[in-house]
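Peer 1: mind looking at a prediction? Sequence and model below.
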Amino acid sequence: MSADSADDVVAMSLSGVTGVDHRATTPVEEEVIGLFDDLRVPLFRYTLAFRLSSHDCEDVIQEVFLALFQHLQQGRSRRNLRGWIFRVAHNLALKKANSNRRHQQEQDAPWFDEPADHAPNAEEQLVWNERRLRLLSVFDALPDGDRFCLRLRAEGLSYREIAEVLDISIGSVSEYLTRSLARLARADRR
Amino acid sequence: MQAIDRHIQDEELLGLADGELKPARAAEIEDHLAACWVCRSRRAEIEGAIADFVRLSNQSLAPRIPPSDGPRSLLKARLAEAVQAQPALGWFHQLRVGLSGHRLVYASATLAILSLIGLWLQNSRPGQNHLTEETAALEPKPELTPGAIRAVSLADTCGGPSDKNRAVPLSVQREVFGRYGIATARPQDYEVDYLITPELGGADDIRNLWPQPYGVKNWSAFAKDQLEDRLHEMVCAGKLDLPAAQHEIATDWIGAYKKYVQNGEPAMQRSENGTVYDLAKLSLD
C-alpha cells in the first residue's frame, strides 16, 4: 500500500461529474486532443527541467492545451503550433516555478515522485547507474538556459524554434548547446 | 582543400550534426572531416554525448511521468466545458464588434449600471450569499479533485488493517490549500480529505485530495467519515461493487450519503472526547 507506483493510479473520469456529454466533439477539440497525445510526454520532460513536481507539470500541461484551444478557437495563427505550445509551456512552467519558490515548497515536492529503476541485471545496472548519475548530475548543474536548450533540442526542436521559445538569438542557442554538450562529453569520458 | 591544422570548432561540428549550417559551409566541413582524425573523433564525442543524454535522461524521467489516461479525460472534459461556455463569449465579442464610438460608451455605461444594481442586490441579501459560498465548499471542485484510485483487490480492501486515517503530509496539505485558493486558511479549520478514502482504494494523489471544512453545520468531514464507513461495510458485505462505491463518492458524496446512510441532512456533533453523536437519534431517546 505504501509504495504506490504512479502506474497504478487512475484518475476518475469526469464524465460522471459534468454529466455525460452527448454532443459530437468539434474539430478544434479533436485537434487539441491529438496534439496532447503527441506532445504530453515531451512537454512533461521539458517542464520537469524547471524542477517542478509531477503534478505541477501535469497542471501546466493542462493549462497549455486549454490555452491552445482558445488560440485555435479564436482563429489565431497556426504557424508552427509545436513551437507555440512549447513557448506557452515554458512561460507557464516558469511562472509556476517562481510561485513555488515564493511559497518555498520546492524542497518537499517529491512526495508523489518516487522514481523506480528497472534493472536489466545487477552488473549492467551498476555501470548504467554510474554513467547516468554522472551525466545527470552534470546536466542538473548546468545554468537554466543551457538545460532548457538541451531539453528542447532533445525533443526535436530546431535552433530557430528553440530561439523563439526562449526568446534568445539563434547564435545563443548554438553557443549554449555547444557549451553544455562539451561538459556532458567531458563527464562521459571520465 | 583547407589546411588540416585549422581544426573545426565544436560549435560548427554541432551545427553540422544538427543540420543547422549553410550547405556550402557544411560541404567544406565534410571535406575537412574526411581528412582529419582529430575533428572526426571530436565529432564522435559530441554525437556520443547527445545520444547518451537523450537516452539516459529520457529513461530517468520516464518513471516520473504518470500514464496519460486520467489527464487526457480531464482535458477532454475541460474542453467540452469550454465549448459549452463559448456562446457567451461569442455574444460578448459580437457586442464589442457591433458597437463602436458613442454606442459603445452608452452600452458600457448601461453595463456598469446593471452590474452596480447586481452588486447592490447581492449585498442586500448577505445571508443568501454566504449560504452559496458555504454550499460551494461542501463538495470538491471536480476540475481540481476528480478523484484517483489505485489498483486494489477486494481482499486488500476488506482483509488488511484499516488505513482510513492516513496522514497527509503538511507540505501536500499546503499545496491543496494553494490549489483551492485558500493558502492562508487555518489548517485546523479543514480536513485535507481523500475524496475516495484509501480504505476504498483511493490513491495518494493530489487529484484525490480536497480541503473539507469542519466548521459547517451538517455536511462536514464527520458526515463524510460516516459515509465512508458505511460504503466500506457494504462493499465488504458484497452489497455494493467497489468501482460503484468509488464512483459515487467521487462524483457526489452528499448524494451518496442520502442514498446509503440516511435520507436527509446529518445532524451530528463531535463531543470533547471525539465521539460522534447523531443528534437526531439522541433527541428520540
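Peer 2: It's in.
Peer 1: could you pull out the strands in chain A for me?
Peer 2: Taking DSSP state E as the test, the strands found in chain A are A:10-11.
Peer 1: give me the number of residues near the nearest residue to B:Leu154 once chain neighbours are set aside?
Peer 2: Ranked by CB to CB, 6 or more residues apart in numbering or on different chains and with sequence neighbours excluded, the top spatial neighbour of B:Leu154 is B:Leu242, at 6.4 Å. Glycine gets a C-beta too; all of them are placed from N, C-alpha and C. Using other CB atoms under 10 Å in any protein chain shown, B:Leu242 has 20 neighbouring residues.
Peer 1: what does B:Arg42 give?
Peer 2: Neighbours of B:Arg42 (other CB under 10 Å): 19.
Peer 1: look up the pLDDT of the residue lying closest to it once chain neighbours are set aside for me, please.
Peer 2: Spatially, and ignoring its direct neighbours in sequence, B:Arg42 is nearest to B:Leu13 (6.2 Å; CB to CB, 6+ apart). Reading off the confidence values, B:Leu13 has pLDDT 93.
Peer 1: and B:Leu13, helix, strand or coil?
Peer 2: Three-state call for B:Leu13 (DSSP: H, G, I helix; E, B strand; the rest coil): helix.
Peer 1: show me what contacts it?
Peer 2: B:Ile29, B:Cys39, B:Arg42, B:Arg43, B:Ile46 (CB atoms under 8 Å, 6 or more residues apart in numbering or on different chains).
Peer 1: returning to what we had before: so who does the residue nearest to B:Leu154 touch?
Peer 2: Neighbours of B:Leu242 in contact, by CB under 8 Å, 6+ apart: B:Val152, B:Leu154, B:Thr157, B:Leu200, B:Gly201, B:Val235.
Peer 1: circling back to that earlier point, show me which of the contacts of B:Leu13 is closest to chain A.
Peer 2: Closest approach between the contacts of B:Leu13 and chain A, by CB to the nearest CB: B:Ile46, at 5.6 Å.
Peer 1: secondary structure class for that closest one?
Peer 2: Per three-state DSSP, B:Ile46 ends up helix.
Peer 1: I figured it hits B:Ala17, correct?
Peer 2: Yes: using CB atoms under 8 Å, B:Ile46 is in contact with B:Ala17, at 6.6 Å.
Peer 1: ok, the two, which is more surrounded?
Peer 2: Using other CB under 10 Å, the more surrounded residue of B:Ile46 and B:Ala17 is B:Ile46, with 21 against 14.
Peer 1: retrieve the pLDDT associated with A:Asn80.
Peer 2: Per-residue confidence (pLDDT) for A:Asn80: 88.
Peer 1: now do it against chain B, distance only.
Peer 2: As judged by CB to the nearest CB, to the nearest Å, A:Asn80 and chain B stand 16 Å apart.
Peer 1: please look at that residue and A:Glu161 and confirm they touch.
Peer 2: Yes: using CB under 8 Å, A:Asn80 is in contact with A:Glu161, at 6.8 Å.
Peer 1: the two - which one has more neighbours?
Peer 2: The neighbour count for A:Asn80 versus A:Glu161, taken as other CB under 10 Å, is higher for A:Glu161 (21 against 15).
Peer 1: list the contacts of that one.
Peer 2: Residues in contact with A:Glu161 (CB under 8 Å, 6+ apart) are A:Asn80, A:Arg82, A:Gly83, A:Phe86, A:Leu152.
Peer 1: before we move on, back to that, mind checking how far the residue nearest to B:Arg42 is from B:Pro211?
Peer 2: Using CB to CB, to the nearest Å, B:Leu13 is found at 55 Å from B:Pro211.
Peer 1: cool, B:Asp205 as well?
Peer 2: 15 Å.
Peer 1: these two: which is more packed in?
Peer 2: Remark: of B:Asp205 and B:Pro211, B:Asp205 carries more neighbours, 28 against 21, as counted by other CB under 10 Å.
Peer 1: B:Pro66 versus the more buried one, what's the distance?
Peer 2: 9 Å.
Peer 1: what does B:Arg207 give?
Peer 2: B:Arg207 sits 10 Å away from B:Pro66, taking CB to CB as the criterion.
Peer 1: kindly report the same for A:Gly171.
Peer 2: As judged by CB to CB, A:Gly171 and B:Pro66 stand 38 Å apart.
Peer 1: look at those two and report which has more neighbours.
Peer 2: B:Pro66 (25 against 11).
Peer 1: could I get the phi/psi values of the more buried one?
Peer 2: Per-residue torsions, B:Pro66: phi -70, psi 160 (degrees, to the nearest 10).
Peer 1: so it touches A:Ser53, yeah?
Peer 2: No: using CB under 8 Å, B:Pro66 makes no contact with A:Ser53, being 11.4 Å away.
Peer 1: out of the contacts of A:Glu161, which are buried?
Peer 2: A:Arg82, A:Gly83, A:Phe86, A:Leu152 (16 or more other CB atoms under 10 Å in any protein chain shown).
Peer 1: just to check, the first one is in contact with A:Leu157?
Peer 2: The one in question is A:Arg82. Yes: judged on CB under 8 Å, A:Arg82 makes contact with A:Leu157 at a distance of 7.4 Å.
Peer 1: which residue, other than its chain neighbours, is closest to A:Arg151?
Peer 2: A:Ala49 (4.7 Å).
Peer 1: so the one you found makes contact with A:Cys149?
Peer 2: No: A:Ala49 is beyond contact range of A:Cys149, at 10.0 Å (criterion: CB under 8 Å).
Peer 1: okay, these two: which has more neighbours?
Peer 2: Between A:Ala49 and A:Cys149, counted using other CB under 10 Å, the more crowded position is A:Cys149 (30 against 24).
Peer 1: got a list of what that one touches?
Peer 2: Neighbours of A:Cys149 in contact, by CB under 8 Å, 6+ apart: A:Ile162, A:Leu166, A:Val173, A:Tyr176, A:Leu177, A:Ser180.
Peer 1: contacting residues for residue 139?
Peer 2: Went with chain A since none was named. Here A:Phe139 is in contact with A:Arg147, A:Leu150, A:Ser180, A:Leu184, B:Phe53, B:Ser57 (CB under 8 Å, 6+ apart).
Peer 1: my question was about chain B
Peer 2: With CB under 8 Å, 6+ apart as the criterion, the residues that contact B:Glu139 are B:Asp252, B:Trp253, B:Ile254.
Peer 1: among the residues you listed, name the buried ones.
Peer 2: B:Trp253, B:Ile254.
Peer 1: for B:Cys221, phi and psi?
Peer 2: You called it Cys, but residue B:221 is Ala. The phi and psi values for B:Ala221, taken as degrees, to the nearest 10, are phi -60, psi -30.
Peer 1: pLDDT score assigned to the residue in the stretch 151-285 of chain B positioned nearest to chain A?
Peer 2: The stretch 151-285 of chain B approaches chain A most closely through B:Ser171 (3.7 Å), counting by CB to the nearest CB. Looking at B:Ser171, its pLDDT reads 77.
Peer 1: that one sits in which helix or strand?
Peer 2: helix B:170-179 (DSSP states H and E).
Peer 1: show me how far that helix is from its chain's centre.
Peer 2: 12 Å (CA atoms, centre = their mean, to the nearest Å).
Peer 1: residue ranges with poor pLDDT in chain A?
Peer 2: Along chain A, segments meeting pLDDT under 70 span A:1-22, A:104-121, A:124-125, A:188-190.
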